[in-house]
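**Q** Here is a sequence together with a model predicted from it:
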Amino acid sequence: SFWHTLSQKKLEEFKLSTKAIPIVGAYSAAPARQKEKESIQLPARVSLADDAFNTGSNDNNKKAPSADQVAIHGTLLNANTVEEFKAFDKRGLIKAEGDILWKDITSGKCTSDPSLLNRFLLLTFANLKTHRYYYWFAFPALASQNVVITSDPPKPVDQALPPKSVSTIYEQMAKWVRESSSAPSHFVVVQETGATRVVSLSEYASMDPKPSAMFGFTDPSTLNQHPGWPLRNYLVYLRETFKLSKLELLCFRDSLPKSPDSKNSSVFMTVHLSSKPSKDATESTKSKPAPSGSSADSFTTVGWEVNVKGRLGARVVDLRSVFDPKTLARTSADLNLKLMRWRSLPSLDTALLGRTKCLLLGSGTLGCNVARTLLGWGVRHITFVDNGRVSYSNPVRQPLFTYQDSVGGKNPKATTAAAAVKSVCPSAVSEGHVLTIPMPGHTVHPSQVNKVKSEFEKLKALIVSHDVIFLLTDSRESRWLPSVLASAHRKLLVNAALGFDTFVVMRHGVRAADQKSPSLGCYFCNDVVAPTDSLSDRTLDQQCTVTRPGSAPIASALAVELAIALIHHMRHGDQKDSVGKDADGELGSMPHQIRGSLRRFELISVTGNAFAQCTACSETIVKLYHEKGWKFVFDALNSPSYLEDITGLTKMKKEAEAMSADIDWDSSEEL
């Protein structure tokens with residue numbers, strides 16, 4: 001609809017601009033409808049569709065939407081507030097429109113483009129939160145102060161003209177529509193040497209001497225005794241251009257092509273134009289309709305519509321009940337993002353965020369909070385991975401779950417979280433995968449090899465098919481395989497981990513195409529010990545993620561904000577740390593690590609380089625993964641020392657122990 005298109009353009013293009021916008025509407029001949037042999041009289045409407053803003057670069061090329069309609073030129077002024085809407089200078093605006101109309105008439109421009117006789121002005125205010133639209137139309141008309149307009153009673157065209165002439169007129173009008181793909185707004189029926197022709201105003205103006213003529217226009221009126229509003233400016237034009245005091249008019253009210261058995265609805269009338277006595281002219285200037293303005297010494301411009309109460313004033317339409325609820329939810333959810341582009345962040349790429357696919361490894365406290373923040377940024381593709389089920393302790397800390405989800409302990413976290421995302425945002429594309437991430441130190445029993453291999457292949461496929469990976473699991477060893485896969489497949493990975501009152505958020509380095517290893521380290525680059533089984537033989541407080549309740553929302557928000565900044569940056573994750581320096585990204589700094597403490601209420605940004613013997617992202621690990629695939633992963637799962645041996649950590653630790661043994665530790669006071 002027009003209002004939906006206006007809303008989109010307000011958010012995407014117009015923003016805070018209040019400059020005049022050219023638009024185009026349409027009207028058509030509107031014969032009285034017949035129902036049970038009774039005439040139903042309808043208002044002469046101008047319609048604005050969703051393509052009203054497609055005016056083209058050349059005004060003369062503006063076309064009506066269909067062949068039986070007439071294009072009408074318009075100007076839109078859209079206010080930013082309802083107060084601004086009320087403060088529009090209506091008198092000055094319609095005066096300016098009248099001045100343009102008078103100039104077009106006197107310059108002859110309307111002769112070459114008669115559609116300029118019909119124009120409109122539209123004032124609007126679109127409340128995009130409530131979907132209420134305030135609007136006020138004006139159809140400027142030049143009302144003469146010194147001319148008296150009288151007419152003989154209108155007659156049906158079949159009674160006023162010979163049948164042959166009527167048939168010829170309709171045939172030529174149909175031919176006009178076929179050749180120009182639109183109905184003529186104004187035309188002239190001329191009689192030449194016994195022949196009837198329908199010609200344009202410009203062709204008639206060039207004729208010398210002028211033949212006998214009947215002036216016609218496409219009439220949207222359905223009232224038998226009253227022609228429509230386009231006649232007002234047409235009469236001014238005819239009197240000013242051709243100096244006519246009496247003229248014959250054809251109010252054309254039939255749709256073309258016309259069915260043979262349909263009744264003709266057009267009307268014929270004779271109009272007289274005479275000068276008004278000066279006394280009457282003086283009295284008429286004492287009470288001018290408002291809002292209006294003088295467009296010339298002898299004319300007043302009128303045309304503001306009345307509202308539903310019959311008074312000069314705006315109208316309002318509430319479309320909340322008309323719009324599809326899912327459409328309303330989608331547009332409303334994105335409203336804040338689009339408003340950010342108006343002033344604060346013009347370079348925000350909402351389309352990029354909308355198509356970015358995010359994979360959340362872990363659907364617990366971190367995963368739920370990350371998902372909600374991603375939705376706020378307009379990310380609509382979210383996939384969850386988790387092997388747990390919703391328990392009674394989860395809903396108070398994990399905002400995608402409810403008490404009902406925990407009853408019975410049978411609902412998988414991943415699929416339940418995906419369903420919750422779609423209930424929050426119906427336009428989201430979300431799915432959950434119940435999957436156990438293979439972990440080093442957790443020996444694979446021969447009976448489980450195929451199952452674990454299948455889970456590895458599925459995890460690999462998920463990481464490859466997504467753009468951003470969020471690593472949000474609750475153990476060190478469960479982060480190893482995703483770190484390896486993200487490094488090997490050059491995926492952006494953001495890691496978040498919680499302590500009791502501390503947390504860390506970091507982005508893993510991403511290798512450039514010509515790099516053997518990333519410049520920035522991963523979660524395991526600071527370790528000289530390979531990840532092993534840390535889940536067995538744990539007490540209750542160690543089995544649960546015992547942390548201050550505020551830690552997860554803070555860490556999750558930082559993780560998402562960091563990811564959004566990286567997504568916008570042209571080189572994504574393969575960037576040097578920029579904290580304390582000029583911001584490298586469009587959204588500001590992109591630190592490597594953010595370490596936070598709730599005990600001290602502080603955040604520290606840290607940069608860590610990649611470690612050559614890293615058990616997750618080093619060149620050795622990535623090379624072996626590409627060469628051996630599942631065999632490499634299987635060996636890492638089953639052999640506690642495998643990763644340390646192949647990366648050189650075992651050798652490095654032995655050398656360090658040997659060096660330590662050679663040192664003569666002197667405990668004397670002089671030392």
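**A** Thanks, I have the structure now. Treat the numbers as computed from the prediction; the structure is a model and nothing was measured.
**Q** Three-state assignment for P549, please.
**A** Recorded secondary structure, P549: coil (DSSP: H, G, I helix; E, B strand; the rest coil).
**Q** State the number of residues packed around it.
**A** Neighbours of P549 under the rule other Cβ atoms under 10 Å: 10. The way it works is simple: take the backbone N, C-alpha and C, and place the C-beta from them, glycine included.
**Q** sec struct for the spatially most central residue of the chain, please.
**A** What sits nearest the mean C-alpha location of the chain, by Cα atoms, centre = their mean, is Q8, with 5.5 Å. Three-state assignment for Q8 (three-state DSSP): helix.
**Q** now swap in the one 3 residues further on and tell me
**A** Secondary structure of L11, reduced to three states by three-state DSSP: helix.
**Q** Kindly confirm whether my reading is correct that it touches L337.
**A** No. L11 lies out of contact with L337 (Cβ atoms under 8 Å); the separation is 9.2 Å.
**Q** Which stretches in the stretch 1-150 of the chain count as strands?
**A** According to DSSP state E, counting those that start in this stretch, the stretch 1-150 of the chain carries its strands in the segments 21-28, 33-35, 38-40, 69-79, 119-127, 132-144, 147-151.
**Q** for those, which one sits closest to G194?
**A** Within these, the stretch nearest G194 is strand 147-151; the backing value is 27.9 Å (Cβ to Cβ).
**Q** Check which residues of the closest one are buried.
**A** V147 (16 or more other Cβ atoms under 10 Å).
**Q** Could you do stretch 138-156 as well?
**A** Quick answer for stretch 138-156 (16+ other Cβ under 10 Å): A138, F139, P140, A141, L142, A143, S144, Q145, V147, P154.
**Q** Return the distance of it from the chain's centre.
**A** With Cα atoms, centre = their mean, to the nearest Å as the basis, stretch 138-156 stands 45 Å off its chain's centre.
**Q** ok, now which ones touch the nearest residue to D318 once chain neighbours are set aside?
**A** Take D318 and drop its neighbours on the chain: the residue closest to it by Cβ to Cβ, 6 or more residues apart in numbering is R132, 5.0 Å away. By Cβ atoms under 8 Å, 6 or more residues apart in numbering, the residues touching R132 are V316, V317, D318, L319, R320.
**Q** In the sheet, which residues pair with R132? Tell me.
**A** N127, D318 (DSSP bridges).
**Q** distance of it from W3?
**A** Distance, R132 to W3, using Cβ to Cβ, to the nearest Å: 10 Å.
**Q** any common contacting residues for these two?
**A** Shared contacts of R132 and W3, counting by Cβ under 8 Å, 6+ apart, come down to V317, L319.
**Q** rewinding a little: could I get the contacts of R132 as TSV with distance to M439, neighbour count and pLDDT?
**A** As requested, those are arranged in TSV below (distance: Cβ to Cβ, whole Å; neighbours: other Cβ atoms under 10 Å; pLDDT from 0 to 100):
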residue	distance to M439	neighbour count	pLDDT
V316	61	14	93
V317	59	11	90
D318	56	11	88
L319	53	15	85
R320	51	10	77
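**Q** I'd like those written out as JSON lines, with distance to F299 added.
**A** JSON lines is the format used below for the contacts of R132 (distance: Cβ to Cβ, whole Å):
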{"residue": "V316", "distance to F299": "32"}
{"residue": "V317", "distance to F299": "33"}
{"residue": "D318", "distance to F299": "38"}
{"residue": "L319", "distance to F299": "38"}
{"residue": "R320", "distance to F299": "43"}
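**Q** intersection of neighbour lists for L11 and L337?
**A** Between them, L11 and L337 share no contacting residue, judged by Cβ under 8 Å, 6+ apart.
**Q** Just the CA coordinates for stretch 68-77, please, in PDB.
**A** Only the C-alpha atoms of stretch 68-77 are listed here, as PDB (Å, rounded to 0.1, in the frame of the first residue of the first chain):
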ATOM      1  CA  ASP A  68      -8.100   3.500 -18.400                       C
ATOM      2  CA  GLN A  69      -6.700   5.800 -15.700                       C
ATOM      3  CA  VAL A  70      -5.300   9.300 -15.900                       C
ATOM      4  CA  ALA A  71      -2.100  10.300 -14.100                       C
ATOM      5  CA  ILE A  72      -2.200  13.200 -11.700                       C
ATOM      6  CA  HIS A  73       1.000  15.000 -10.500                       C
ATOM      7  CA  GLY A  74       1.400  15.600  -6.800                       C
ATOM      8  CA  THR A  75       3.800  16.900  -4.200                       C
ATOM      9  CA  LEU A  76       4.300  15.200  -0.800                       C
ATOM     10  CA  LEU A  77       5.500  17.000   2.300                       C
END
